[in-house]
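**Q** please work out how this folds:
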Amino acid sequence: MALRALARSCATFVLCLTVAMAASFVTETRAAGAFSVGRCGAYGKAYDFTNELAARAAAEKQCKGDCTTVTMKRACAAMAIDLTNPCGPYGYAVKPTISNSLNSAARECYRYGGKECVIRAWACDAKG
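**A** Residues are numbered from 1 along each chain as shown. Next up is the predicted model:
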């Protein structure tokens, strides 16, 4: 009886460990993202890709015009534009958390001359 309970406990432990390791592996393999930004509010985003090259290609494909692409790994990216002049100043940032990326993007927009900067787009990849 005690041997059966011990075997059941060991089996439960192995099952839980296997599930935890599988979840960790899935998150680990999908931890690449990219964010493209351009004039007039143009943007493209890709997150939770298996590699940075694929993420960059997906983000660049969505962004119309002359765009700058940055990668993010376990991070968040954001873009802010000037509400009074959407084709004017803009800012973007990649930071470890969404709140930091939103704040930094807005600050960059103001730094480049924006008067009423608002968040246009944002994205986070795995665990960002």
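
**Q** shaky segments in this protein?
**A** For the chain, the stretches flagged by pLDDT under 70 are 1-30, 127-128.

**Q** how does it look with 80?
**A** Low-confidence segments of the chain, defined by pLDDT under 80: 1-31, 126-128.

**Q** break it down into its domains, please.
**A** Domain ranges of the chain: 1-29, 31-124, per automatic domain parsing.

**Q** and residue 108, that one's in a strand?
**A** No: judged by DSSP: H, G, I helix; E, B strand; the rest coil, residue 108 forms no part of a strand; its state is helix.

**Q** so the closest residue to it other than its chain neighbours is in which element?
**A** Once flanking residues are discounted, residue 108 sits nearest to residue 91: 2.5 Å by Cβ to Cβ, 6 or more residues apart in numbering. Yep, even glycine has a C-beta here, placed from its N, CA and C like the rest. In the assignment (DSSP states H and E), residue 91 maps to strand 90-95.

**Q** ok, that strand: who's next to it in the sheet?
**A** Here strand 90-95 has these sheet partners by DSSP bridges: strand 76-82 (antiparallel).

**Q** centre of the chain to the strand it pairs with, how far?
**A** Taking Cα atoms, centre = their mean, to the nearest Å, one finds the center of strand 76-82 at 12 Å from the center of the full chain.

**Q** ok so, going back, pull out the CA atoms of the strand holding residue 91 and give them to me as PDB.
**A** Output of strand 90-95 as PDB, limited to C-alpha atoms (Å, rounded to 0.1, in the frame of the first residue of the first chain):
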ATOM      1  CA  TYR A  90       7.800  60.700 -33.400                       C
ATOM      2  CA  GLY A  91       9.700  58.600 -30.900                       C
ATOM      3  CA  TYR A  92      10.100  55.000 -30.200                       C
ATOM      4  CA  ALA A  93      11.700  52.800 -27.500                       C
ATOM      5  CA  VAL A  94      12.500  49.200 -26.600                       C
ATOM      6  CA  LYS A  95      12.500  48.500 -22.800                       C
END
